[in-house]
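1. Turn this into a model:
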Amino acid sequence: MIPYGSLVVYVTPKGRRYTKKLTEGQDWHSNDGALPAADVARCDFGSVIYTNQQVPIQVMEATLYDRLKTLKRQTQIIYPKDIAYICLRLGAGPGRTIIEAGCGSGGLTTGLSWFCGPTGRVVSHEAREEFMALARRNLEWAGVGQNVELHHRDVAEGFAVTGADALFLDVRTPWEYLDHALAAVRPGASFGFLLPTVDQVSKLLLGLERGPFADVEVCEILIRRWKPVADRLRPEDRMNAHTGFLVFARQQERSQDFESRKPLGTRERKQEAARLARLGLDNAAAQDDAAAQDTTEDQDLA
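-> You can find the predicted model right below:
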C-alpha cells in the first residue's frame, strides 16, 4: 500500500519519468492514459499497473535524487552530483547547524534538510524574495524543510545566526563576505563555495590565503554514465560534465612555525629562488660599492 501524500515516480515504457504527489481523488494523467489515485494507493512501490489505455507503468518511490531532479526552478540549481559531495564535505548530519546563502530555488537547501534530519538545522539566506518563496514551496513539495529557517536577507549585512558548524556560499563574490562568514561559525568550521568561472575561483583563493583558512580544495565533479547492456557495455554518448567549481576550506588559525615546516610547492620554490637571487644580487652590488669606496679612499691617501 502506498500512503496518500507520498511522492511517486511513474516510469513509462519509453523511459519518461514523472514525479507526482499521490493525492486522494487526483488521478495521474499522461499521453499513455490515466491512473486512478485509488489504484495507485492499493499497490506497492515496485509494482506495474496499467492505465485506462492498457499501457504498463512502473511505480517507484521517489528518492532524494528524484526529488532534486524535479524541483521547480527559476534559477540554475546545484546538481545532485555536486549536492552529495557538498553535504559530505560540510558534514551535514543530525545535530549539525549549516548556514547557506543564497538558496535560489532550494536545491541544496533540500539536500541539506534531508541529511540534517529532525535534530539538525539549516539556516538559509536569500536576497530575492521571489526565490525564497519558491524555495519554501519546493521544500514543502519534497517533504522536507521542517528543520530549515529561510531568511530574506543580504549577507552583506551579516548572517542571521552564529556558532554554526559549516557554511556554504553560492554568491557571485564570496571573497567579499569572508569576514562575515567567520563571525557566523564556530572555531574549526567547514566552508564551501560554488563558482562558475576560474577568475572568481582565483579571487576567492587569494581571499582564503589572507585569512585563517586551511585544508583548501578546488574541484569539479563529472559523471560519465555507461549504457547498462551486458553484451554491449559502453559509455553513453552524453554526460553531465562541468557544472561549476567547488571550493572547500576550514577555519584554521595561522602558525608561522607550522607554515615554515611545510614542503614548498612549485610556486613557493620559484618565489624562494627569486628571493635568493635578488638577495645575491643585492649582496654583490653592496660588495662592489664597498670595493669602489675602498679604491676611492686609497686614491685620496696617495
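
2. drop to CA atoms for contacts and neighbour counts, all remaining ones
-> Will do.

3. remind me which residues of this structure are low pLDDT?
-> 282, 284-302 (pLDDT under 70).

4. all helices for it, in order.
-> 37-42, 64-69, 80-90, 107-116, 129-142, 178-183, 198-210, 256-260, 266-301 (DSSP state H).

5. With mean neighbour count and distance to Val8 as added columns, please give those helices in TSV.
-> Formatted as TSV, those follow (neighbours: other C-alpha atoms under 10 Å; distance: least, C-alpha to C-alpha, whole Å):
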stretch	mean neighbour count	distance to Val8
helix 37-42	16	9
helix 64-69	18	9
helix 80-90	17	19
helix 107-116	26	17
helix 129-142	19	11
helix 178-183	17	39
helix 198-210	15	39
helix 256-260	8	54
helix 266-301	11	53
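
6. Ok, which of the ones you listed comes nearest Ser30?
-> When these are ranked by proximity to Ser30, the top entry is helix 37-42, at 13.4 Å, counting by C-alpha to C-alpha.

7. So in terms of bridging, what pairs with Thr19?
-> For Thr19, the beta-bridge partners under DSSP bridges are Val9.

8. wait, what's in contact with it?
-> Remark: with contacts taken as C-alpha atoms under 8 Å, 6 or more residues apart in numbering, Thr19 is in contact with Leu7, Val8, Val9, Tyr10, Ala62, Asp66, Arg67, Thr70.

9. just to revisit the earlier point, now the helices of the chain as a markdown table including distance to Asp27?
-> Formatted as a markdown table, the entries for these read as follows, by distance: least, C-alpha to C-alpha, whole Å:
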| stretch | distance to Asp27 |
| --- | --- |
| helix 37-42 | 5 |
| helix 64-69 | 20 |
| helix 80-90 | 29 |
| helix 107-116 | 27 |
| helix 129-142 | 18 |
| helix 178-183 | 47 |
| helix 198-210 | 48 |
| helix 256-260 | 65 |
| helix 266-301 | 64 |
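
10. do you know which of these lies nearest Val122?
-> Closest to Val122 of the helices of the chain, according to C-alpha to C-alpha: helix 107-116, at 6.3 Å.

11. so what's the residue nearest the centre of the chain closest to, chain neighbours aside?
-> Residue closest to the mean C-alpha point of the chain, counted by C-alpha atoms, centre = their mean, is Ile86 at 4.4 Å. In space, and not counting its chain neighbours, Ile86 is closest to Gly192: 7.1 Å by C-alpha to C-alpha, 6 or more residues apart in numbering.

12. Kindly report the same for Arg254.
-> Among residues not flanking Arg254 along the chain, Pro212 sits closest, at 5.8 Å (C-alpha to C-alpha, 6+ apart).

13. And Arg250, by the same measure?
-> On the basis of C-alpha to C-alpha, 6+ apart, the spatially nearest residue to Arg250 that is not a chain neighbour turns out to be Ser190, at 4.5 Å.
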